[in-house]
Structures are given as structure tokens and as C-alpha cells.
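A.B. asks: Whatever this is, show me its structure:
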Amino acid sequence: MAASRPPLSLKARAVGYLSRREHSRAELARKLAPHAESPEQVEALLDALERENWLSNDRFVDSLVHRRASRYGAARVMQEAKTHQLGSDQLRDLQERLRDSELGRATEVWRKRFGAPPETPEARVKQIRFMMARGFSRAVVAKIIRGAEDNTLDDWENSDS
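C.D. replies: Sure, this is the predicted structure:
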């Protein structure tokens, strides 16, 4: 029979979560709430973690971009970011960063998944639907599909860099 471990302190749980990956303040509060005696205890701990620089919404945004931007469009990443109750300045900066790189990221996703222009109207619809579901804007998707069909994808992609 194994000896039972004492329960983890709230701070130990928080540090454990943060050591695995960055969390937003709202996400960490939600995860810690069931283990806390009161909401005030969670808020006090989160304030302390921010003061000690263990918790940072700015780092969380960078982490989110790193994890999601290579596979998803701005709309999809922004949708996820909004669930984390980030500040309006952080959301605006994130949207700018994503918009600036959207065409290049979308081109890479399209190349990995399809790599060739659609040969039938059905294939064209399939490619558009896939890219839109990934959260890329209609304008960017149209530009990629048109560029692939006209064999100009490389020309305008290189001119945007």
C-alpha cells in the first residue's frame, strides 16, 4: 500500500501548470478555483505570481501565436484568444501581428495540405472550405487559390516578404 501524498498547495499547483506551458490569468484562475478555499485566495495568488513574473498575459499571447499561428488563420487564433479574457490592447496587437503574416502562413498551410491548384470546381470548393475552416480570411484564401491557378503564387508571395 503506497503512502498517500499530502495535497499540493495552491501555489505548487499554479507553478506546476505554468511549468508545462504559459497560461492566461483567466485560464489559471479557472484551473485553480476548485482547489482554493475562496476566490480571494486565487486572486491573491495570481497577483503574487504576476509580481514575481511567473504569470504574464504578454508571454501567454506570444505562446499562443507560437502554438497556433503556423496552422490557423487570424480569425481562429483571435477566437481562442478572446476566451482568455485578454486586454483590448493585447488583442489589438495580436490581431495586427496575425494580419501582417496571414498571407505567408496561409500559403504554407495550403502548400502542406494541397500543394497543387484545384483541377475541378469540387476540388476548388474543398480547398476554399478547408482554408476558411482554419480561420483564414476570404480575401487571403481567394488570393492563394487564384495565385495557384494562375501559377503566380510564388511571384506575389515573394513580393510581400
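
A.B. asks: Check the secondary structure at the residue nearest to I144 when sequence neighbours are not counted for me.
C.D. replies: Leaving aside its chain neighbours, I144 sits nearest to W110 (5.2 Å; criterion: CB to CB, 6 or more residues apart in numbering). (C-beta placed from N, C-alpha, C; glycine too.) For W110, the assignment made with DSSP: H, G, I helix; E, B strand; the rest coil gives helix.

A.B. asks: In terms of helices and strands, where is the nearest residue to P117 once chain neighbours are set aside?
C.D. replies: Spatial nearest neighbour of P117, excluding adjacent residues (CB to CB, 6+ apart): A148 at 4.1 Å. Using DSSP states H and E, A148 sits in helix 138-149.

A.B. asks: got it, and L91?
C.D. replies: helix 88-113.

A.B. asks: what mean pLDDT does that helix have?
C.D. replies: Confidence for helix 88-113, expressed as mean pLDDT, is 93.

A.B. asks: roughly how far is that helix from the heart of the chain?
C.D. replies: The chain centre lies 10 Å from the centre of helix 88-113; the measure is CA atoms, centre = their mean, to the nearest Å.

A.B. asks: quick one, that helix and helix 138-149 angle?
C.D. replies: Between helix 88-113 and helix 138-149, the angle comes out at 20 degrees (axes from the mean of the first three to the mean of the last three CA atoms, to 10 degrees).

A.B. asks: list the helices and strands helix 88-113 packs on?
C.D. replies: Helices and strands touching helix 88-113, by 3 or more CB pairs under 8 Å, 6 or more residues apart in numbering; DSSP states H and E, are helix 57-68, helix 74-82, helix 121-133, helix 138-149, helix 153-160.
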